[in-house]
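Visitor: next come a sequence and a model predicted from it.
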Amino acid sequence: MFCLSMILRFHEHIREIPRESWDSLAARRDSPLLEWEWLRCLEESGSISPEEGWTPHHLAVYDGERLVGAAPLYVKTHSMGEFVFDFAFADVAHQLGTPYYPKLVGMSPATPSSAFALLTDEGEDSQTVQALMLESIMEMAERTGMGGVAFNFADPEWMHGPGKTALEAHDFVAWEHQLYHWYNRGFQSFHDYLACFTKNQRRNIRRERKSMADQGIRIDVLTGDEISPRHMEWMYEFYAAHNAQFGPWAAKFLNRQFFRMLAEQFTHRIALVCAYPDTVPAQDEPPLAMAFLLVKNQTMWGRYWGAQEEIRDLHFNCCYYTPIEWAIEQGYTTFDPGMGSSHKVRRGFEAVSGYSLHHFMDERMQYILHNNIDRINSMEHQHVEQLNAARPVRENPYRGVAG
């Protein structure tokens with residue numbers, strides 16, 4: 001049993017909390033996005049900082065010297081980099097004359113993947129710790145004049161499991177967001193995967209895959225010690241150049257130093273997909289294109305991509321087909337390719353629902369949220385169903401299908 005003298009502290013820097021202690025809690029989660037080193041690189045690179053509108057305010061719970069609870073939290077002065085797109089609620093708050101910002105946000109910054117959870121030590125008192133954490137978070141938000149508290153892209157296992165009771169006690173409301181996932185349905189090869197599709201789409205995918213060889217391009221996957229600091233420099237250049245195409249609508253939240261820091265301590269969680277002219281030895285020159293993925297346990301996350309020039313079908317092969325083929329070979333069961341781009345459904349990804357959890361401190365805002373969220377979620381759920389209805393897949397099992 002935990003003692004009654006548990007101490008809860010808010011920390012302004014992740015480095016104030018020992019790495020080993022934090023990761024002893026985060027290691028139990030499937031996602032690497034809550035691990036200490038990832039969060040440290042975000043902060044100490046300056047990518048996520050008060051100057052950028054993210055002020056770290058991480059919560060830690062100590063039972064004596066032992067860390068038994070933790071959560072990555074940020075005081076936000078805007079909604080950029082959250083991918084929840086709550087600007088309509090901010091406008092309602094403005095019309096009501098109540099502050100929306102600053103707000104307290106729990107998430108892995110600039111990452112629309114279902115990862116957030118209140119991290120707790122395993123044991124019979126995990127729910128007690130979660131309740132204490134939620135109580136402390138809400139008290140801090142009220143005391144400091146926050147407009148609200150949000151947990152963005154919550155891990156469904158957490159929000160429907162250990163966190164459910166405490167979240168309900170504080171009237172957190174779930175807002176549904178459409179995401180994409182690929183699931184390994186027991187495939188033994190990419191051929192097995194292709195067999196899931198309709199005949200016409202199998203033909204299309206084969207053509208898009210073959211176009212790489214036709215254009216003299218090979219694609220390699222690098223992991224762990226194969227990834228050098230030079231690769232991460234190239235990856236940043238691709239990431240920056242890709243975002244530069246979108247002007248004010250870009251999603252460039254990370255700087256060069258962030259990628260350099262990942263090269264030092266985090267390559268065990270990274271896979272780089274690199275496209276080269278097939279006449280160029282590996283790693284001698286910058287690739288034609290690169291895709292950045294995170295890996296942990298049996299799951300992959302597609303995060304960033306970029307290319308020197310637009311080459312037919314290169315994006316599909318670097319970001320979808322090669323990672324899927326590699327995932328099957330390595331025994332991965334799930335691939336989260338990131339938000340957006342409805343063409344993902346034509347490559348076998350399924351539309352799924354992710355969730356953010358919200359509580360507004362103003363009673364009127366909370367009333368408006370409660371009275372509109374069912375309609376909002378219903379529309380989003382219909383969108384998920386429409387996307388999946390358009391998937392060019394067969395109803396029959398893939399096994400035994402030829403051609």
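Guide: Sure, I can see it.
Visitor: and the residue nearest to residue 239 when sequence neighbours are not counted, how far from residue 234?
Guide: Distances taken as Cβ to Cβ, 6 or more residues apart in numbering put residue 304 closest to residue 239, at 4.5 Å, once the chain neighbours are dropped. Where you see a C-beta, it was placed from the backbone N, CA and C, and this is true even at glycine. Residue 304 is 12 Å from residue 234, where distance means Cβ to Cβ, to the nearest Å.
Visitor: before we move on, what about residue 112?
Guide: 24 Å.
Visitor: same question, residue 69
Guide: 39 Å.
Visitor: neighbour count winner among those two?
Guide: Between residue 69 and residue 234, counted using other Cβ atoms under 10 Å, residue 69 has the larger neighbour count: 24 against 20.
Visitor: give me the most central residue, the chain.
Guide: In the chain, the centroid-proximal residue (Cα atoms, centre = their mean) is residue 113; its distance is 2.4 Å.
Visitor: correct me, but that residue touches residue 33?
Guide: Yes - shown here, residue 113 and residue 33 form a contact pair, counting by Cβ atoms under 8 Å, at 6.2 Å.
Visitor: where in the protein is pLDDT low?
Guide: Along the chain, segments meeting pLDDT under 70 span 1-4, 123-124, 282-284, 395-403.
Visitor: all helices for it, in order.
Guide: For the chain, the helices defined by DSSP state H cover 19-26, 36-44, 87-96, 126-143, 156-159, 164-169, 190-194, 199-214, 229-244, 256-265, 314-316, 322-330, 363-389.
Visitor: can you work out which residues contact both of residue 113 and residue 33?
Guide: residue 301 (Cβ atoms under 8 Å, 6 or more residues apart in numbering).
Visitor: sorry, back to before: report the contact partners of the residue nearest to the centre of the chain.
Guide: Neighbours of residue 113 in contact, by Cβ under 8 Å, 6+ apart: 31, 33, 153, 179, 301, 336, 338, 354.
Visitor: number of nearby residues for residue 118?
Guide: 30.
Visitor: surely it and residue 163 touch.
Guide: Yes - taking contacts as Cβ under 8 Å, residue 118 lies within contact range of residue 163: 5.8 Å.
Visitor: any shared contact partners between those two?
Guide: With Cβ under 8 Å, 6+ apart as the test, residue 118 and residue 163 both reach residue 130.
Visitor: show me where the stretch 51-200 of the chain has strands.
Guide: 54-56, 58-63, 66-71, 73-76, 103-106, 119-120, 148-151, 173-183 (DSSP state E, counting those that start in this stretch).
Visitor: CA-only coordinates of the fourth one in PDB, if you can.
Guide: Pointing back at strand 73-76 there. The C-alpha coordinates for strand 73-76 follow below in PDB (Å, rounded to 0.1, in the frame of the first residue of the first chain):
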ATOM      1  CA  LEU A  73       1.600  18.600 -18.900                       C
ATOM      2  CA  TYR A  74       2.000  22.000 -20.600                       C
ATOM      3  CA  VAL A  75       0.500  25.400 -20.100                       C
ATOM      4  CA  LYS A  76      -0.600  26.600 -23.500                       C
END
